[in-house]
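**Student:** Give me a model of this one.
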Amino acid sequence: MRNNILSILLICVIAAPFTLYAAPAGQPELPLPEDDVLIAPASARLSFAVDDVEPRLPSQYLAGRVAVQLILPESTGAVDPSMEDWTSAQIEQIVAEAQAALDWWRDRLPDARLEFDLSVRVVPTMYEPIRYDLAQERRWIGDVLSELGYVGASHFEQAFRMLFDLREQRHADWATIFFIVNSASDDGYFADGRFAYAYLHGPYSVITSDGGPYQTQWLRAVIAHEFAHLFGALDQYSAARVSCDQRSGYLFTPMTNSMFNNCGTNEPSIMRELINSFTIGAVDTSARHQLGYRDSDADGVIDVLDTTPVISLTATLQETGQRPVVELIARDTPYPSPVQPDASINRITAIEYRVEGSDWQLAIPVDGHFDSTREIAQVELPLYDGNYVVEFRAVNTVGNVSAPITQAFSVNGIGPIPEYRIPEPAQIEEARLVIHLQAPADTQEIEVSFWRDFREAIRVPYRPEVILPLNIVPSLTNIQTIPTIYVRFIDSADRLSLSYALPVAIPEPPQYAVMLPLILR
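**Tutor:** Predicted structure coming up:
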């Protein structure tokens, strides 16, 4: 359902006067973006887009896969005279600067598992955006987003609608928009003197193509700074007047590096000044925390990714002669936020069960793919007559495992469990895969796969020695590099057994001796 109205507590940033910072040697002193952190209107606008099951907003913390859309408005002259026109060279440079900024963040936050999907669109508009100020942005932004097919009660709602679509279309965890406004024929500033600003946690940032005083050569630093605002980081330079008691971000962490009242730390940071910090790769601790980059237990997994799945089970009552069927629901439990909807980007990567000490068996999701924070699997347990205790668990992207749940089953009318054995590892001999098996004589077939989920499984009649050519699976270019294969038996009633993980004995490469002539003088 899409009828939640979320109350999101964000930090207001006080408007600040113009300020300068000490630039690195050889660089002129340049003004920081003035009053560049804004707050989008009340979150009731998101009621159309938030799902009860997974209420994830577009940019809550900086980790995982991020879709970044550059939108370059192109004036048509319909309302304002067209004074700016994008050239292919300009567009290439803008994309290169944006990519450099994203690469910079990926390198700064190695444990965030960042992956960026950057794209650019030139979109017509009746207006010439550089002529307008912040109070009038709704005109041209609303017009641009309408051109892209998005409607709404406000240009913010239009932007959020686009972000939700963008995230889904790009298979991303988060999505952001940068409106880059052509200012090549202007002075690099909007009508109110701004050249860059962003809305805290989105929906977008707006930057002139010249980056105000930074010019295009340092546009990457401006983009990197504004990008951090989109994921919750606050400004730290004095004129921003951010005090130490102000908190922000998904983790709602305090400011400890503000120059306004010299609180806590005094670290160089992209949130304090731009050029030198970008050059040396500086991000302070409090900015990292506000972006969600904190590892409280020092286990190498940042808090927002250090989540644990949970699993539940519903068993279907079976009649005599039928195997039990269970439905398993696994979902990842987000790291909680004090102020935002709890959100996890970790996928469920496995739903597993084991029968009294067997190998862990993989249960396949009903949609065939492990690609979501919530997965459902239905499985017929391959049990024969007897009493069993079966364990079930779920695993997520970072390898965290749910607490197991157990269920007792009593099976009748199937027959005694066959004695299946695989006495030794599979062998590779003369471009053939050789598997030795032990099973009752009435065993019908076996299935062999090079993947746990038994995709592209090879079904062959049962024999004590099964020989398969190494090229039997066209999608595998080199079977000799695969250390494990998976085997299961099919009995005379066409019932599957549990699967067996079978190591492959990979032969050592042949050794060659090189004979060198001995020359005596």
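
**Student:** what helices or strands is the longest helix along the chain leaning on?
**Tutor:** In terms of residue count, the longest helix belonging to the chain (DSSP state H) is helix 88-108. Judged by 3 or more C-beta pairs under 8 Å, 6 or more residues apart in numbering; DSSP states H and E, helix 88-108 is in contact with strand 65-75, strand 115-125, strand 174-181, helix 219-230. Every residue, glycine included, has its C-beta placed from N, CA and C.

**Student:** Quick check: mean pLDDT of that helix?
**Tutor:** The average of the pLDDT scores along helix 88-108 is 98.

**Student:** which residues touch residue 195?
**Tutor:** Contacts for residue 195 (C-beta atoms under 8 Å, 6 or more residues apart in numbering) come out as 33, 183, 188, 189, 207, 208, 210, 211, 212, 213, 214, 222.

**Student:** what's the spacing between the residue nearest to it when sequence neighbours are not counted and residue 190?
**Tutor:** Leaving aside its sequence neighbours, residue 195 sits nearest to residue 212 (C-beta to C-beta, 6 or more residues apart in numbering; 2.8 Å). Separation of residue 212 from residue 190 (C-beta to C-beta, to the nearest Å): 9 Å.

**Student:** do the same with residue 339
**Tutor:** Here residue 339 is placed at a distance of 31 Å from residue 190 (C-beta to C-beta).

**Student:** and the chain, what are its domains?
**Tutor:** Listed domain ranges for the chain are 37-232, 305-411, 426-505 (source: automatic domain parsing).

**Student:** Endpoints of the last one, how far apart?
**Tutor:** So that's domain 426-505. Taking C-alpha to C-alpha, to the nearest Å as the measure, domain 426-505 stretches 6 Å from start to finish.

**Student:** for the nearest residue to residue 373 once chain neighbours are set aside, what are its contacts?
**Tutor:** The shortest distance from residue 373 to any non-neighbouring residue, by C-beta to C-beta, 6+ apart, is to residue 332 (4.5 Å). If you count contacts by C-beta under 8 Å, 6+ apart, residue 332 has them with 307, 308, 309, 344, 346, 347, 348, 373, 374, 396.

**Student:** Any idea what residue 332 is bridged to?
**Tutor:** For residue 332, the beta-bridge partners are residue 309 (DSSP bridges).

**Student:** just to revisit the earlier point, what sits up against the longest helix of the chain?
**Tutor:** Looking at helix 88-108 with C-beta under 8 Å, 6+ apart, the contacting residues turn out to be 62, 66, 68, 70, 72, 112, 114-116, 118, 120, 122, 178, 180, 182, 184, 209, 216, 219-221, 223-224, 227-228, 278, 281, 283.

**Student:** among those residues, which ones are buried?
**Tutor:** 62, 66, 68, 70, 72, 112, 114, 116, 118, 120, 178, 180, 182, 184, 209, 216, 219-221, 223-224, 227-228, 278, 283 (16 or more other C-beta atoms under 10 Å).

**Student:** returning to what we had before: would you format the domains of the chain as JSON lines with distance to residue 259 included?
**Tutor:** Shown next, in JSON lines, are the domains of the chain (distance: least, C-beta to C-beta, whole Å):
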{"stretch": "domain 37-232", "distance to residue 259": "15"}
{"stretch": "domain 305-411", "distance to residue 259": "25"}
{"stretch": "domain 426-505", "distance to residue 259": "54"}
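
**Student:** and of these, who's closest to residue 274?
**Tutor:** With C-beta to C-beta, the closest approach to residue 274 among the domains of the chain belongs to domain 37-232: 4.1 Å.

**Student:** okay, residue 339 and residue 190: which has more neighbours?
**Tutor:** The neighbour comparison of residue 339 against residue 190 (other C-beta atoms under 10 Å) goes to residue 190, with 24 against 15.

**Student:** In terms of pLDDT, where does the residue nearest to the more buried one when sequence neighbours are not counted sit?
**Tutor:** Leaving aside its sequence neighbours, residue 190 sits nearest to residue 133 (C-beta to C-beta, 6+ apart; 5.5 Å). Predicted confidence (pLDDT) for residue 133: 96.
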